[in-house]
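[1] using only what follows, build the 3D model:
(one chain, ligands or ions: 2)
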Amino acid sequence: MSPQLHHGTLVTLEGGEGSGKSSQADALATLLREHDYDVTITREPAGTELGEIVKGIFQRGATVTPGAELLLFEAARAQHVQEVIRPALERGKMILCDRYTDSTLAYQGYGRGLSLDHLRAVNHIATGGLPPHFTILLDLPPEIGLARKDHETLGDSIGKESLEFHQRVRAGYLDLAQREPKRMVVVDASLAKDQVTQAAWQHLQRFLDQFR
Ligand SMILES: Nc1ncnc2c1ncn2[C@@H]1O[C@H](COP(=O)(O)OP(=O)(O)O)[C@@H](O)[C@H]1O
Ligand SMILES: [Mg+2]
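    Ligands and ions are numbered 1, 2, ... in the order given. I've put the predicted structure just below:
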């Protein structure tokens, strides 16, 4: 890996609904900027016009099969990678991306039961083979995360899923982290916000120190 990788680095934030991904993306971006990193925050499935349209499809409450859900998210991802992520990485920026390929494995794989091998293949198509370089998993019992969110922001099909579904997603995320412990670190997201930030920041600094 090039010594400049820490500038063109894709860091992803993962975790269930209300686990604090958006809050921690903001907090980590502030810390990174204080340390002179040039950071862009972005998120799936928003981040592009197509992504906003896809989000709208889910919010309208149309019937969406697991396969259709997968391909809609992946379409938004393909657009997002090409339009936002790759150009920023090529300009040497660090990206903090709120949800990425692990969300597909956790939700459509462990949650909906689609084949992980198939999902990895579709992720590869959507990203053009761009994996996350480092991933922070915000781990939280789903009942706590869901209670943190207001009703409106849980208006899509996944927000209306059963507690068991969200428990499978959580267990899936932990399984993914166990399989790739160097890339994916687990942070206890039940702590107070600033304690979660401190834990995530320590992991991130340790990762970035490899390139100094
Ligand atoms: N560690 C925390 N403790 C308590 N509340 C939190 C914590 N982190 C985030 N929140 C609150 O929970 C809600 C969801 O957080 P958010 O960052 O939007 O999560 P996500 O993006 O993962 O859905 C927000 O109202 C946020 O202020
Ligand atoms: Mg969020």
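
[2] those helices in the chain, which residues are they?
    Along the chain, counting by DSSP state H, helices occupy 21-34, 49-59, 66-80, 86-90, 101-104, 116-127, 142-148, 163-179, 193-209.

[3] just name the most buried of these.
    Of all these, helix 101-104 carries the top mean neighbour count, a mean of 25, counting by mean count of other CB atoms under 10 Å. (Glycine included, C-beta is placed from N, CA and C.)

[4] dump the helices of the chain to TSV, plus mean pLDDT.
    What follows is these, written out as TSV (pLDDT from 0 to 100):
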stretch	mean pLDDT
helix 21-34	97
helix 49-59	93
helix 66-80	97
helix 86-90	95
helix 101-104	98
helix 116-127	98
helix 142-148	95
helix 163-179	98
helix 193-209	97
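
[5] how much space separates the most centrally placed residue in the chain from ligand 1?
    Centroid check for the chain by CA atoms, centre = their mean gives Arg99 as the closest residue, at 1.8 Å. Remark: distance between Arg99 and ligand 1 (CB to the nearest ligand atom, to the nearest Å) = 9 Å.

[6] from what I can see that residue touches Ala46, true?
    No - counting by CB atoms under 8 Å, Arg99 does not reach Ala46; the two are 9.6 Å apart.

[7] Val185: what's it in contact with?
    Phe134, Thr135, Ile136, Leu137, Ala177, His203 (CB atoms under 8 Å, 6 or more residues apart in numbering).

[8] so which of those residues comes closest to ligand 2?
    For these, the minimum distance to ligand 2 (CB to the ion) is 13.5 Å, reached by Ile136.

[9] bridge partners for that closest one, pull those for me.
    Beta bridges link Ile136 to Leu13, Val185, judged by DSSP bridges.

[10] check contacts around it.
    By CB under 8 Å, 6+ apart, Ile136 lies in contact with Val11, Thr12, Leu13, Glu14, Gln24, Met184, Val185, Val187, Ala200, His203, Leu204.

[11] residues of the protein that sit close to ligand 2?
    Lys21, Ser22 (CB under 5 Å from the ion).
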